[in-house]
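In: Sequence first, then the predicted structure, then my questions.
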Amino acid sequence: MKNILLIALMTVCFGTLNAQKTSSIHLIDPAALRLAIEKTSPLIIDVRTPEEYNGGHIAHAVNIDFLAQDSFVQKIAALDKAQSVYLYCRSGNRSGKAALQLDSLGFKHIYDLEGGYTEWQE
């Protein structure tokens, strides 16, 4: 049991490090996302649960719950992989994992909001 927990912990830690090393994944701050919204109509995906989304979200963000993996993969796979995708969650943890998943599916322009919705609100 301890080995399984250790392996899971290492996978999460190293997976987070890999998100920053992948050339298709870029961490952005709230100011950069605001600028992108002003200049374009970006695809913004809120990967939180529907309850979290309904409690407040970035305008025009689409809610695709990362924790509902079957549905998440199905909805993400239907998107244009060449389009820029902006992801966020509450604090940046789930969106970082979602960014890695999009990268593994072949998405080329992935932007992960650093600090998540918490930083966006401040």
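Out: Cool, the structure landed.
In: Retrieve the pLDDT associated with the most centrally placed residue in the chain.
Out: Centroid-nearest residue in the chain, with Cα atoms, centre = their mean: residue 95, separated by 2.7 Å. Note for residue 95: predicted pLDDT of 98.
In: Helix or strand for it, just tell me which one.
Out: According to DSSP states H and E, residue 95 maps onto helix 93-104.
In: And that helix, what's buried?
Out: Applying a neighbour-count criterion of 16 or more other Cβ atoms under 10 Å, one finds 94, 95, 96, 97, 98, 99, 100, 101, 102, 103 buried in helix 93-104. Quick note: C-beta positions are derived from backbone N, CA and C, even for glycine.
In: Name all residues that make contact with the second one.
Out: By that I understand residue 95. 47, 66, 87, 88, 89, 112, 113, 116 (Cβ atoms under 8 Å, 6 or more residues apart in numbering).
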